[in-house]
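Trainee: structural data only, the sequence is not supplied:
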């Protein structure tokens, strides 16, 4: 699969580089973003290996402007949040120096295990510190880490315990926990900050040694050097990690952390189903957009996916290996078309014990099309909407039609209901059904002038909607810089929107255009002034 | 940069000799632990500490079925609030206090609780226009305990937490009884009633580590713009608060008669299925009351159900929130019967919470005599998202600083009057609270002692 990824990367890359030139923009503010849970875990895995368990309580981020990545730039560190990070840091540090790992993670052996060894500690932090802070440590910082290790060793009577204490200090330091847009004396993003911006965008992790080397040499300030590094990062298997993180954020998959289904109503939706549902959609995305370098819009019409044993129960399909994953293509005529028909979307945007056309319709408008659905008005009488056993209004369509007869409700429901009702053939767990309360489900509808009669038709309508492609462009730009798009960046957004079309809606091409753009690294002059620092970095 | 000086390591003479891995066991003298003869204060003359907390339930109650219109002494709890009857002498109930919007739109299931708790009206969902009342009180009283605040939710989702300093600074909640137990009563808990005390050298090492991080403050802050500086001030404040906790953990705590270390609750399922929520809520309530009795915190927040409550009965298709809008009124009963059932469960949970404090003896009375709990919902009649008359209660006697057992009607006054009253009952020197039309300088003075 990795070979396919690399090959697909080259195909994608070849598509970029023609057409009109990128407009200049004033950029946006310098940001200070808290690491997400996944970024923290990815960094630990990249620096110390996947054998280190990153357990503990991560403080949740607040979603802003549609993305947790944006919320990360506005979230404070409360004491309870820091408590969690402190515990995680100590746990990670303890494992790094334990007998199982120290042999290959600590590059030296102390002269005595019961005494401080500044030379050994310095060797450890010179290498590790650079990867954790995403820049070379200053002499003062390095001296400090060595001194903390020595002081802790003195208290605890053990070199490795002291080293772990000093490492845990790095792991709770703001230089590690926050991705900082440092700017140089001329107000431009520093080389190290460019490296971080690139690697967190494309890999959802910190820069590797090679990228930091490139930053140190100034290569990222030159077109050829930047191109070389962007293409290297895009060709890496780690780009799958980056793509997963982006879509998990854009599609609101953090909701899976607390997703629950009623086991009496949906006995097939077991403990493993939620995890597998999320994984299925992410696999579908990676397969179509990275491995096959496909058209983004095809996500909404694809029949090709992957299934596990738990999902076989939901889709009523045979799975040869219930313990693993296998490719599966729903046959022609089947209504499982597009990621919006998969169990992840259907279960996430439903109630614990029933489906919700309104929630699903709202999710498609907001998450897939970047359209804001107004909040419901206050003082609404919902009496017209009856219960699911109502003998008059048997189906969700009938109940919602009755409800939307209220003029104060009809405006929003006209936006969301026709979309959500097209998915009523999927119950709250994503299982196919043709009837509700003995009445046939009518899945017909219309979205932005495009009519359809079934869930597959909705997929085609979404595929054809310009909002679908422009939404992913908007979200990806915002995600990549960790802030809402600035007003002065609209020409760049429009340019990328058009380029996405001319690139046949290939995600890799879009990612590459963003990563190579001057606008991606631009810091607005007013904010750069306030954030100037560490020109030495 | 240099690490902390050795003077700091040895500033507590009782802990001399702790370095180099050696552990000493010290038996410190009882200080102000003994109560005076009347049982109302510590022997040192200091009064028993008064603690502050909040309790939240979503979706209010059905009109005419919570509390009768009779005001004054002797609250008349009706059908849905019956579980509160045994505790009514410890409760003040507030009706007809409103949330003036000043032209802003009602953000359903959001404006209500934000208004009650901040004295301000939000402009958009996620906007927290001012610190919530628990944060305001904690800024005044949260000293001398290991935790500035303990924040819990029974719903299994750490985001279900209505405590915040600002929009970007929301305190997330502990969700599992076991995680709360581990945090408060785990290895770092020192039983105040134990005759001996063994300080852990690891705590001293951790303190020096965090101190080193804190010493970076000046260098780091000068690299930031103004907005980020404000945000990072909170980070460094948090560092200092953890350092202060470690400092406390290195000292022998003063004995506390009311403190009993609870047993480990074990792994519990969490989620929004009602029986699960009730079980988690009961365990969390009991652990929390003991944490307060053991002087681990003086501020706490407990959320039973969200404003947009997703609580549901096993096997039932509808969640509580959906029922409030979609369940028809029973033609014979004249109200939403299933919603009423959920409402009774909310007040059973509230009674459980109150009882957890009431059953712990402290001084001449109980822990409930020395706490003040601000309990509120997000709406009055949930079916209509009614913001007028959101039910709010003050529970506990605040160390004798507030009269209890009264039903107070606000006659349309801003609901911020309740919050101002609570702050003054907590002894805070505050004369007005809230913003715009919610700003008030009128506490409900007839309740204040």
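Mentor: On my side now, so go ahead. Bear in mind the structure is a predicted one, so any value in this text is a computation, not a measurement. Numbering: from 1, shown residues only, chains lettered A, B, ... in the order given.
Trainee: show me where the stretch 201-350 of chain A has helices.
Mentor: A:209-217, A:223-235, A:239-250, A:271-285, A:309-315, A:343-348 (DSSP state H, counting those that start in this stretch).
Trainee: which among those is found nearest to chain B?
Mentor: Closest approach to chain B among the helices of the stretch 201-350 of chain A is made by helix A:271-285 (10.7 Å; Cβ to the nearest Cβ). Using the backbone N, CA and C atoms, a C-beta is placed for each residue, glycine as well.
Trainee: so where's the chain shaky on pLDDT?
Mentor: You didn't say which chain, so I picked chain A. When residues are selected by pLDDT under 70, those of chain A lie in A:1-20, A:377-394, A:399-400, A:402-411, A:527-537.
Trainee: ah, no, chain B please
Mentor: In chain B (pLDDT under 70), the answer is B:1-46.
Trainee: domains of it?
Mentor: Chain B breaks down into these domains under automatic domain parsing: B:1-27+B:200-250, B:31-192+B:261-447.
Trainee: mind putting these in JSON lines, distance to residue A:523 included?
Mentor: Shown next, in JSON lines, are these (distance: least, Cβ to Cβ, whole Å):
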{"stretch": "domain B:1-27+B:200-250", "distance to residue A:523": "11"}
{"stretch": "domain B:31-192+B:261-447", "distance to residue A:523": "21"}
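Trainee: most tightly packed of those?
Mentor: domain B:31-192+B:261-447 (a mean of 20; mean count of other Cβ atoms under 10 Å in any protein chain shown).
Trainee: domain-wise, how is chain A divided?
Mentor: If you go by automatic domain parsing, chain A breaks into A:37-180, A:251-464.
Trainee: got JSON lines for those, with distance to chain B and mean neighbour count too?
Mentor: Formatted as JSON lines, the domains of chain A follow (distance: least, Cβ to the nearest Cβ, whole Å; neighbours: other Cβ atoms under 10 Å in any protein chain shown):
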{"stretch": "domain A:37-180", "distance to chain B": "3", "mean neighbour count": "20"}
{"stretch": "domain A:251-464", "distance to chain B": "4", "mean neighbour count": "19"}
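Trainee: switch those over to a markdown table; also include distance to residue B:108.
Mentor: Shown next, in a markdown table, are the domains of chain A (distance: least, Cβ to Cβ, whole Å):
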| stretch | distance to residue B:108 |
| --- | --- |
| domain A:37-180 | 18 |
| domain A:251-464 | 5 |
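Trainee: the helices of the stretch 201-350 of chain A: which one's closest to residue B:78?
Mentor: Ranking the helices of the stretch 201-350 of chain A by proximity to residue B:78 (Cβ to Cβ) places helix A:343-348 first, at 39.0 Å.
Trainee: close to chain A: what parts of the stretch 301-449 of chain B are there?
Mentor: With Cβ under 8 Å from any Cβ of the partner chain as the criterion, the stretch 301-449 of chain B comes near chain A at residues B:310, B:312, B:314-319, B:322, B:325-329, B:383-387.
Trainee: at 7 Å what do you get?
Mentor: B:310, B:312, B:314-319, B:322, B:325-328, B:383-385 (Cβ under 7 Å from any Cβ of the partner chain).
Trainee: which ones among the residues you listed map onto helices?
Mentor: B:322, B:325, B:326 (DSSP state H).
Trainee: and these, which is closest to chain A?
Mentor: Closest to chain A, out of all of those and judged by Cβ to the nearest Cβ, is residue B:325, at 3.7 Å.
Trainee: pretty sure that closest one contacts residue B:383?
Mentor: Yes. Taking contacts as Cβ atoms under 7 Å, residue B:325 lies within contact range of residue B:383: 6.0 Å.
Trainee: which parts of the stretch 201-350 of chain B are helices?
Mentor: B:201-214, B:217-221, B:226-249, B:274-293, B:320-326, B:337-358.
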